[in-house]
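Asks: Give the three-dimensional model of this entry:
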Amino acid sequence: MSVAGAAAELTADQVRADNAELDRRLLTLSRELRIEFLPAHDGDDAWSAAQLLAHLGEFPRFFAADLRRLFADSTQLIGRTLEHDERLAAVAAAEGRDLPELIQGMEEAFADMADALDGLEDHHLEEMTQNKKYGAEPLTAFLDRYVLGHKRGHLNQLSRETPAGRAASD
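Replies: Model (predicted):
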């Protein structure tokens, strides 16, 4: 069930636990990737494992900052589009980075998000936000789209849709 669909029963502690479990699974898989397949991808529109890891080392920081701004002032605009410069730059720079560096970036970004989520309280989950792309929506939609659901999607993508991920599971 998505975070947005479970808003009535979701707690801040559950969000933190789900986030921690996703981080653990992503880091475990990342450490199992075959280095020789890191730059490989399945076509022009597909990301390589290196690009995914670089993105995983970037987006949690961006959205952690969004959460902190939101907790300080609930009227703040949050979210971004796929064309965001930091997102594109992280993906573009991925091929020049080695696996330990990519994993370190993920660990630091995951720690930043975990720290931001420490400020999450149950009442926040019911609050409405203003998303730059989607307009008014509950915080649970933000958490699903940009944090928990985002990590779940990339876990699946990394393990099943990259040569490095498929080789790790062989």
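
Asks: and residue 167, how many residues sit next to it?
Replies: 15 (other Cβ atoms under 10 Å). (Glycine included, C-beta is placed from N, CA and C.)

Asks: My guess is it contacts residue 37. True?
Replies: Yes: using Cβ atoms under 8 Å, residue 167 is in contact with residue 37, at 5.1 Å.

Asks: Now the element after the host helix or strand of residue 29, going C-ward?
Replies: According to DSSP states H and E, residue 29 maps onto helix 12-32. Counting by DSSP H and E, the next helix or strand C-terminal to helix 12-32 is helix 49-56.

Asks: helices and strands around the helix or strand encompassing residue 61, which ones?
Replies: According to DSSP H and E, residue 61 maps onto helix 59-72. Contacts defined by 3 or more Cβ pairs under 8 Å, 6 or more residues apart in numbering; DSSP states H and E place helix 59-72 against strand 77-78, helix 85-92, helix 99-117, helix 139-142.

Asks: now those in TSV, with mean neighbour count?
Replies: Formatted as TSV, the helices and strands packed on helix 59-72 follow (neighbours: other Cβ atoms under 10 Å):
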stretch	mean neighbour count
strand 77-78	16
helix 85-92	14
helix 99-117	18
helix 139-142	22
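
Asks: Figure out which of those is closest to residue 26.
Replies: Closest to residue 26 of the helices and strands packed on helix 59-72 is helix 99-117 (Cβ to Cβ; 6.8 Å).

Asks: what does the helix holding residue 29 contact?
Replies: 3, 53, 56, 99, 102-103, 106-107, 110, 113-114, 117-118, 120-122, 124-125, 143, 147-148, 151-152, 154-155, 158-159, 165, 168 (Cβ atoms under 8 Å, 6 or more residues apart in numbering).

Asks: Please consider this matter closed, and thank you.
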